[in-house]
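Asks: need a 3D model of the following:
(2 chains)
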There are 2 protein chains.
Amino acid sequence: MSGPHYEQRRNKLRKRFRDAGVDALLISGVSNVRYLTGFTGDSSWLYLAARDAVVLSDTRFETQLAGQCPDLQCEIRDAASTIGDLARKVAAATRSKRIGIESDHLTLNQFHVLQGTLTSGELVPTSGLVERLREVKDKWELEQIRKAVEIAERGIAVVRSCLTKNQTEVEIRNLLEASMRSFGASGPAFEPIVGVGPTAALPHAHAGHHKVHESSLLLVDWGATTESGYRSDLTRVFFTGKPTKQMEQVYRIVLQAQQEAIRAIMPGVECIDVDRIARGIIADAGFGSYFGHGLGHGFGLDVHESVRVSPLSKQRFEPGMVVTVEPGIYLPGRFGIRIEDDILVTADGNEVLSGVPREFDDAFVPFLA
Amino acid sequence: MSGPHYEQRRNKLRKRFRDAGVDALLISGVSNVRYLTGFTGDSSWLYLAARDAVVLSDTRFETQLAGQCPDLQCEIRDAASTIGDLARKVAAATRSKRIGIESDHLTLNQFHVLQGTLTSGELVPTSGLVERLREVKDKWELEQIRKAVEIAERGIAVVRSCLTKNQTEVEIRNLLEASMRSFGASGPAFEPIVGVGPTAALPHAHAGHHKVHESSLLLVDWGATTESGYRSDLTRVFFTGKPTKQMEQVYRIVLQAQQEAIRAIMPGVECIDVDRIARGIIADAGFGSYFGHGLGHGFGLDVHESVRVSPLSKQRFEPGMVVTVEPGIYLPGRFGIRIEDDILVTADGNEVLSGVPREFDDAFVPFLA
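Replies: Numbers count the residues shown, from 1 in each chain, chains lettered A, B, ... in the order given. Next up, the predicted model:
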């Protein structure tokens, strides 16, 4: 399997310059720079013009850039100058007139500094140009994402087999991270969420010191990052004791919402409609006000990236998009249940990339529940 | 030891409103929000007016906010509305006329959306208001930072005692992270840099698969994050074999540069002058072009925060500031040496918070070198 084609990606982006009304683009989003160059450092921008591709960086990354981007021109600053100084130099050299900037990544302050620094050309705010390219994954990226899913699956299998009633959330998180690293992850895809009972009702809880035995329910939201930088993002609920009737009821509703939403994913379908399916099932069951977040999101080099699957979505699914589907019901002070899988949009439907068992009966942890 | 006084911090900030030309401030920097409220989530802003303090968040964080910020008013949005909608509502309710925004944290796009959303008041870009407050640490914060340093020190002691010739950089990083967690860290302060020989010449290298025996030099740049969110940031070079004459020469120059720079740190001294001392020593020794980054930086809730100690610094040291001092010399393709410690500015000088031995003889690893 050959690696990513950075020059091809840059050429695709160049083809969008005219519609965006720019003749050059200053890319400052760290994952966007990585996507277009293969450079894994930070604090560096890519200046892309019709014929030129120049990385603006500093001496910390000089050697790394020579190794990772041998085909790219690099402008390196020392500690006494700014990245804006480099941008001015390159903009003048390439004689760009309308220089696009990434308004989702440049801070207002960076924008003003850049405006004050440039002596030629005009800055043109753009939004989502590289993100749109990144929505549809190529073959190599899909291999990386499948690897990230597999590492996550192996990690949770270890955690599940090691669960005891006396473990704390933090201990479980640490074991999960260590396991994923042992299977080749460069790290977790994000700080894993590990919540016992009422903590699981906090959709974005940090792992704390609650012990497994404090409830009969444990929620884990986790993922792996591959060495190539690609991520996975999954959630499962485990029963570590006898679930209450309400836990069973909520579990089945969430699962149904998830499964029906997944079934609807295919090219051409509007993301908002898939969100609506899951939201409708949860609302019809009387839990509408307990599902307050979007249904899912794209992921890849970032754990959250375009497209979004939410009531605010404006896009349609396309083959090659990869999204999470993760409905949840959160009952404050009691428990929360979310089931999350990673879905690839295929030419004629979709493929669920993650195979961790998700049926109600699968959630029972052997020896504990 | 009592905890942080969030209301006191907010009141200090309010006193700066007049000079900043605002009567309210919309705080969107995630660590700034945490500093002023104690809230540990993300995607949430603080709207601070003369009498009001309102957290703008979403349903994912509703329960968490009630627990962490019981004294604060919260405006919670669901998946069908935006944080800008909440800002409009609160701005109108408080009748603020000049609403400061954080131009170092708001993206250009967020700024434009907010401008289009607000129906009352005028947005005023501000910079560094909360960051300036955060530069000087209070007693509670210093306790947290000391804890973060101690955890980092315990972590590296384990790594050092476990070093073998066959370990890879990744294995060392994983052991370091696991050790720090076992001593109470919520995680590393940043992805630890672990570099064997030539990899150490990349100031921001990721740990890879080089083994200890491939060189006689190993560089580790690491830190811990406490559960309270405070960080440490240290670097040491270890000799895992017989160092070359040049390694010894460079080590001694870097150490001298670091020690003389540290000696100069005291209230009233300009940060740029301390940078100049270290840079001068390295330049006089003929390695000026091999030290391309700033000498140091403040840290706390973030690993890099105000103040900066660099050729671009414009500030003076004040009692209560905590900074790194980390000169380095990087010889591409050969090796790099950086020595980094954490320094507290005291009333009449400074205190080196980190006690990991740093003399040339200390760098030799028992049983290996």
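Asks: how is chain A partitioned into domains?
Replies: Using automatic domain parsing, the domain ranges for chain A come out as A:6-134, A:139-363.
Asks: smallest gap between the stretch 201-350 of chain A and chain B, at which residue?
Replies: A:Gly292 (2.5 Å; Cβ to the nearest Cβ). For the C-beta atoms, the positions are set from N, CA and C on the backbone; glycine is no exception.
Asks: name the spans of the stretch 251-369 of chain A whose pLDDT lies under the cut-off.
Replies: Along the stretch 251-369 of chain A, no part satisfies pLDDT under 70.
Asks: now the helices: where do they sit in it?
Replies: Taking DSSP state H, counting those that start in this stretch to define them, one finds helices in the stretch 251-369 of chain A at A:271-284.
Asks: spell out which residues of it are next to chain B.
Replies: A:275, A:292-294, A:310-312, A:330, A:332-333 (Cβ under 8 Å from any Cβ of the partner chain).
Asks: type out the ChimeraX command that picks the buried ones from the residues you listed.
Replies: A single ChimeraX command selects the buried members of those (16 or more other Cβ atoms under 10 Å in any protein chain shown):
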select /A:275,292,293,294,310,311,330
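Asks: centroid-wise, who is the farthest residue in chain A?
Replies: No residue in chain A sits farther from the centre than A:Thr119, which is 37.0 Å out by Cα atoms, centre = their mean.
Asks: A:Leu353 contacts A:Lys147, correct?
Replies: No. With contacts counted by Cβ atoms under 8 Å, A:Leu353 stays clear of A:Lys147, the gap being 10.5 Å.
Asks: pick out the most distant pair among the residues of the stretch 251-369 of chain A next to chain B.
Replies: A:Leu312 and A:Gly333 (28.8 Å; Cβ to Cβ).
Asks: how about whatever residue of the stretch 51-200 of chain A ends up closest to chain B, nearest residue that isn't a chain neighbour?
Replies: Residue of the stretch 51-200 of chain A nearest chain B, by Cβ to the nearest Cβ: A:Thr59 (2.4 Å). The spatially closest residue to A:Thr59, leaving aside those adjacent along the chain, is B:Gly292, at 2.4 Å (Cβ to Cβ, 6 or more residues apart in numbering or on different chains).
Asks: repeat for A:Gly197
Replies: In space, A:Gly197 is closest to A:Ser215, 2.6 Å off (Cβ to Cβ, 6+ apart).
Asks: tell me how far that neighbour lies from A:Ile337.
Replies: 12 Å (Cβ to Cβ, to the nearest Å).
Asks: next, show the common contact partners of those two.
Replies: Shared contacts of A:Ser215 and A:Ile337 (Cβ atoms under 8 Å, 6 or more residues apart in numbering or on different chains): A:Ala200.
Asks: more crowded one of those two?
Replies: A:Ile337 (30 against 23; other Cβ atoms under 10 Å in any protein chain shown).
Asks: mind checking how far that one is from A:Val212?
Replies: The value you get for A:Ile337 to A:Val212, if Cβ to Cβ is used, is 16 Å.
Asks: turn the domains of chain A into a markdown table, columns for distance to B:Pro319.
Replies: Below are the domains of chain A laid out as a markdown table (distance: least, Cβ to Cβ, whole Å):
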| stretch | distance to B:Pro319 |
| --- | --- |
| domain A:6-134 | 26 |
| domain A:139-363 | 33 |
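Asks: to B:His304, which of those lies closest?
Replies: Nearest to B:His304, of those and by Cβ to Cβ, is domain A:6-134 at 10.0 Å.
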